[in-house]
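Undergrad: predicted coordinates and the sequence they were generated for:
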Amino acid sequence: MDQGNMFYATGKRKNAIARTWMSPGKGEIIINNKPIEEYFTVESTRKLATQALVLTNNMSTFDVKVRVIGGGYSGQAGAVRHGITRALIQTDPDLRQSLKKAGFIKRDPRAKERKKYGQKGARARFQFSKR
């Protein structure tokens, strides 16, 4: 594959980072050198990762290769979706409007809240005893 047809984008979600390469092809999606069905065994994570391709009707138009690190499966699937979305916008800037309306362009800023000192967790407190 030459560089002229290759589109690169980075997607992020929680602690996961997905480096995404997209090129014209027959719809093959490879994540960490495994097919998507093998990497994301749960159907909901597969659907989440491919939402941008399904929305723009490009499921069988591009081959996607992804290297994803960090986080859990849900965060990784969100990062893959974000990376694919950014790469799709590079291929055709006209897709931006529909992807933006679906809310795929913005990085999801939600992350785990840190545990505070003197407490049991982020919001949970130790049980109070008056006596």
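TA: Sure, I can see it.
Undergrad: which residues sit against stretch 49-65?
TA: Stretch 49-65 is contacted from outside by 20-31, 36, 40, 77, 80-81, 84-85, 87-88, 91, 95, 98-99, 102, 104, using CB atoms under 8 Å, 6 or more residues apart in numbering. C-betas here are computed from N, CA, C, even on glycine.
Undergrad: for that stretch, what is the distance to the chain centroid?
TA: Centre-to-centre, stretch 49-65 and its host chain are 13 Å apart (CA atoms, centre = their mean, to the nearest Å).
Undergrad: tell me the mean pLDDT for the lengthiest helix in the chain?
TA: Using DSSP state H to assign secondary structure, the helix with the most residues in the chain is helix 73-91. What helix 73-91 shows for mean pLDDT is 96.
Undergrad: name the helices or strands packed onto that helix?
TA: Counting by 3 or more CB pairs under 8 Å, 6 or more residues apart in numbering; DSSP states H and E, the packing neighbours recorded for helix 73-91 are strand 7-13, strand 16-24, helix 43-55, strand 62-69, helix 96-102.
Undergrad: ok, now how distant is the most centrally placed residue in the chain from Asn33?
TA: Computing the C-alpha centroid of the chain and ranking residues by CA atoms, centre = their mean puts Ala79 first, at 2.1 Å. Distance from Ala79 to Asn33, counting by CB to CB, to the nearest Å: 17 Å.
Undergrad: next: Asp94.
TA: 32 Å.
Undergrad: same question, Lys14
TA: 22 Å.
Undergrad: buried set for stretch 28-37?
TA: Neighbour-count burial for stretch 28-37 flags 29-31, 36 (criterion: 16 or more other CB atoms under 10 Å).
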